[in-house]
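> 3D, please:
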Amino acid sequence: MSSNHRSLQDGTTTLPTSSGDRDVEITFDVPGLSSSTFVHTRPYLSYRVAPVGSSGTRLVMELNGTEIVDLSYNTTVNRTMTEIFDHGVLRAGTGGVNTLRVFVPDDEPGSAQISELIVTYTDA
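Prediction:
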């Protein structure tokens, strides 16, 4: 089995945005997604996060309505993160549109810069 990837965002998004939006949604497909359920073929999301300011923040990511990331950051250190998630979260096949929602919850004081979002999965 080989792996494939989709680059979801190469640029940087700061959340909340200058207009006050606290989330961003990215839609994408995953052509050729394998139906394998072996543990070693689980898909994963890689991303870069840079918390802004000294107050810290919390970042949440939902993929097709399933929460896959919920992390708090208390420093301004830039990090490259990887999150492995369960089979079945990605939608396969023709017209299999996936939605990744990235947000800073309303009750969080800080903000974060998100970039270099890539999803990697096993081909059929």
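
> now do the SS call for the closest residue to Leu100 other than its chain neighbours.
Distances taken as C-beta to C-beta, 6 or more residues apart in numbering place Ile26 nearest to Leu100, at 4.7 Å, with adjacent residues excluded. C-beta here means a position set from N, CA and C on the backbone, and glycine is covered the same way. Following DSSP: H, G, I helix; E, B strand; the rest coil, Ile26 is assigned to strand.

> dump the residue contacts of Ile26.
Residues in contact with Ile26 (C-beta atoms under 8 Å, 6 or more residues apart in numbering) are Leu8, Gln9, Thr99, Leu100, Val102, Leu117.

> now tabulate these in JSON lines and tack on pLDDT.
As requested, the contacts of Ile26 are arranged in JSON lines below (pLDDT from 0 to 100):
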{"residue": "Leu8", "pLDDT": "96"}
{"residue": "Gln9", "pLDDT": "93"}
{"residue": "Thr99", "pLDDT": "96"}
{"residue": "Leu100", "pLDDT": "97"}
{"residue": "Val102", "pLDDT": "97"}
{"residue": "Leu117", "pLDDT": "97"}
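
> what subset of the residues you listed is buried?
Leu8, Gln9, Leu100, Val102, Leu117 (16 or more other C-beta atoms under 10 Å).

> need the strands for the protein, in chain order.
Under the criterion DSSP state E, the chain carries strands at the ranges 3-15, 23-28, 44-52, 57-63, 66-73, 79-84, 98-103, 111-122.

> just checking, Asn64 touches Arg91?
Yes - assessed by C-beta atoms under 8 Å, Asn64 is found in contact with Arg91 at 6.2 Å.

> anything in contact with each of those two?
With C-beta under 8 Å, 6+ apart as the test, Asn64 and Arg91 both reach Asn98.

> find the nearest non-adjacent residue to Ile84, please.
Tyr44 (4.4 Å).

> what's the pLDDT at that neighbour?
Looking at Tyr44, its pLDDT reads 97.

> quick one, what contacts it?
By C-beta under 8 Å, 6+ apart, the neighbours of Tyr44 are Thr82, Glu83, Ile84, Phe85, Val119, Thr120.

> most neighbours of all the residues you listed, which one?
Val119 (23 neighbours; other C-beta atoms under 10 Å).

> many thanks, we can stop here.
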